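Undergrad: Got a predicted structure here, sequence first:
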Amino acid sequence: MGLGSTLSGRLLRARLRRAVRRGGDAALLELVPEPLTDLFRRDGLAPLVPPRGSPWEGVTPAPLGFGVNLWLVNSPDLVRHVLAAEDTFGNDPARLPFMGQFMRGQVLGGLGTCDPPLHGRLRRILAPEFTARGLRHLEPRIRRIVDEQLDLMAGRPQPVDLLEAFAWPVPARTMCELLGIPAAHRTDFQRLSAQRFDIIPGLDALFGAVSSSLARLEQLIADERGDPGNRLLGTMVTRGTGLDDRTLAGLADGVLTGGLETTVGMLALGALVLLRDPRARERATDSRAVDGLVEDLLRRLSVVQVSFPRYPLRACRLGDHRVSEGDVVICSLLRANHDTSTEPSQARASRHHLAFGHGPHRCLGAELARMELRIAYRRLVERFPRMRLAIDEHEVPFHRLAMVYGLQRLPVVLR
């Protein structure tokens, strides 16, 4: 690494720290190029995309300054190419000299920020539990959780915040049951999960949330060592021979975070669609149509707006551009799912979307998410067929500049 790169890294770290200390939207966003922030801007449920006939350019350059080149990948074919090319693009952020130094030993955890061979080894520990067969035992538990939350909602004064009373607790309780996390820890993990997906507070808040979550999970892993249980934490200890508590805690953190904030967003935004669209409500209660509804909503809502950043392992071509080692590549799952050059019949084909990513890092919990959404949407409509918004539609508050899209609240009248 030359002197220029070293100075660039120092200057960038200094600006990051100043922005974090100053706080606020403007302080952080002054570091972010407009094409990148545009990835997260939406008009309610709709992405900010060009009209039909003028699709996104396949690759958009967005220089970060200080010699760091950022590339935004928008088209479905190129997104699939980048996400599948594990031999060309890595996921470990420590590959960037300035990022590795700024992290100061921080660990992001999970499958999304590690490369082979560790990625393959960790994924094999979890994979059997996330197949349709492996999840079968969890379905009656999810039904019980959904019905219990609906009972609690019914007993509350109206209006009810559907986000707080339903969209949060259903996936939180599901993930805690799956992993074997005691109920007393659930609220803390909800809070920490939400903090890491909000761009506004800055990197210190993100790393602080990750560190706190890892510390809690590391203690739970240590508790499992003596007598591993039959939930996922115990399974990880049993299968993860030779892996230390910190590594397993990072793996558990990725599972928890990946299955919590994303499903919260899908449940809240999907409920908003059900409130607005009578046809969607009919499909939700039709056993032959509910699977298709879930797939349509996954594509349309695209709550995970971008993939984990990718880092070229060597110089290569990406569309009409040449990218180099040290660059950053971000794939827009939202834009790829709404690409106007794709015919609607193709874009909406069953499971033919990128809501769960693609390739070796495709979301391991896809089948679990589908199960939760299918059960939750159906039971919500069946239980409260006359549910309506308690505020005007234009007053519904959406997240701003969040990697995982969602609502801040969703007040409803149940009957």
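TA: Nice, thanks for sending it over. This is a predicted model, so every value here is computed, not measured.

Undergrad: Contact partners for residue 306?
TA: 39, 40, 330, 331, 332, 333, 334, 403 (Cβ atoms under 8 Å, 6 or more residues apart in numbering). The way it works is simple: take the backbone N, C-alpha and C, and place the C-beta from them, glycine included.

Undergrad: My read is that the second one contacts residue 404, right?
TA: No: counting by Cβ atoms under 8 Å, residue 404 is not a contact partner of residue 40; they are 9.9 Å apart.

Undergrad: who touches both of those two?
TA: Common neighbours of residue 40 and residue 404 (Cβ under 8 Å, 6+ apart) are residue 305.

Undergrad: Compare the two (neighbour count), which wins?
TA: Between residue 40 and residue 404, residue 404 has the larger neighbour count (other Cβ atoms under 10 Å), namely 24 against 21.

Undergrad: what sits against that one?
TA: 197, 261, 262, 265, 303, 304, 305.

Undergrad: go on, residue 308?
TA: So residue 308 contacts 91, 112, 113, 361 (Cβ under 8 Å, 6+ apart).

Undergrad: Most widely separated two among those residues?
TA: The span of the contacts of residue 308, defined through Cβ to Cβ, is set by 113 and 361 at 9.6 Å.

Undergrad: shared neighbours, those two?
TA: In contact with both residue 113 and residue 361: 91, 308, using Cβ under 8 Å, 6+ apart.

Undergrad: Looking at these two, which has the bigger crowd around it?
TA: Using other Cβ under 10 Å as the criterion, residue 113 and residue 361 rank with residue 361 on top: 23 against 19.

Undergrad: thinking the more buried one is in contact with residue 112, fair?
TA: Yes: counting by Cβ under 8 Å, residue 112 is a contact partner of residue 361 at 6.1 Å.

Undergrad: hey, what's in contact with both of these two?
TA: Common neighbours of residue 361 and residue 112 (Cβ under 8 Å, 6+ apart) are 91, 308.

Undergrad: quick one: residue 326 and residue 68 touch, right?
TA: Yes: contact criterion Cβ under 8 Å: residue 326 and residue 68 qualify, at 7.4 Å.

Undergrad: Find residues that contact each of these two.
TA: residue 96.

Undergrad: The nearest residue to residue 69 once chain neighbours are set aside: neighbour count?
TA: Nearest non-adjacent residue to residue 69, counting by Cβ to Cβ, 6 or more residues apart in numbering: residue 327, 4.4 Å away. Residue 327 sits with 23 neighbouring residues when counted by other Cβ under 10 Å.

Undergrad: And stretch 211-229, what's buried?
TA: Of all the residues in stretch 211-229, those buried under the rule 16 or more other Cβ atoms under 10 Å are 213, 214, 216, 217, 218, 220, 221, 223, 224, 228.

Undergrad: Can you read off the pLDDT for the first one?
TA: This means residue 213. For residue 213, the pLDDT comes out at 80.

Undergrad: what bits of the stretch 51-200 of the chain have low per-residue confidence?
TA: 51-56, 65-66, 97-109, 190, 192-200 (pLDDT under 70).

Undergrad: Let's see that with 50 instead.
TA: 53-54, 104-106, 199-200 (pLDDT under 50).

Undergrad: What ranges does it have for its helices?
TA: 76-84, 97-103, 118-126, 139-154, 162, 169-179, 186-196 (DSSP state H, counting those that start in this stretch).

Undergrad: Pick the most deeply packed of those helices.
TA: Each of these was scored by mean neighbour count; the highest is helix 162, a mean of 26, by mean count of other Cβ atoms under 10 Å.

Undergrad: And for it, what's in contact with it?
TA: So helix 162 is contacted by 153, 268, 271, 410, 411, 412 (Cβ under 8 Å, 6+ apart).

Undergrad: The second one - that's part of a helix, no?
TA: Yes: residue state for residue 268 (DSSP: H, G, I helix; E, B strand; the rest coil) corresponds to a helix.

Undergrad: ok, it to residue 259 distance?
TA: Per Cβ to Cβ, to the nearest Å, residue 268 is found 15 Å from residue 259.

Undergrad: and if you look at the first one?
TA: Counting by Cβ to Cβ, the separation of residue 153 from residue 259 is 22 Å.

Undergrad: What of the fourth one?
TA: When Cβ to Cβ is the yardstick, residue 410 and residue 259 sit 20 Å from each other.

Undergrad: can you check the fifth one too?
TA: Residue 411 sits 26 Å away from residue 259 when distances are taken as Cβ to Cβ.

Undergrad: same deal with the last one?
TA: Plainly put, residue 412 is 24 Å away from residue 259 if you go by Cβ to Cβ.

Undergrad: pLDDT score assigned to residue 34?
TA: 71.

Undergrad: how far away is it from residue 362?
TA: 30 Å.

Undergrad: can you count the residues close to residue 117?
TA: So residue 117, with other Cβ under 10 Å, has 8 neighbours.

Undergrad: Return the backbone torsion pair for it.
TA: The phi/psi pair for residue 117 (degrees, to the nearest 10) reads phi -90, psi -10.

Undergrad: wait, residue 170 sits on residue 147?
TA: No: counting by Cβ under 8 Å, residue 170 does not reach residue 147; the two are 10.3 Å apart.

Undergrad: I figured residue 69 hits residue 323, correct?
TA: Yes: at 7.2 Å, residue 69 counts as touching residue 323 under the criterion of Cβ under 8 Å.

Undergrad: out of the two, which sits in the more crowded spot?
TA: residue 323 (26 against 18).
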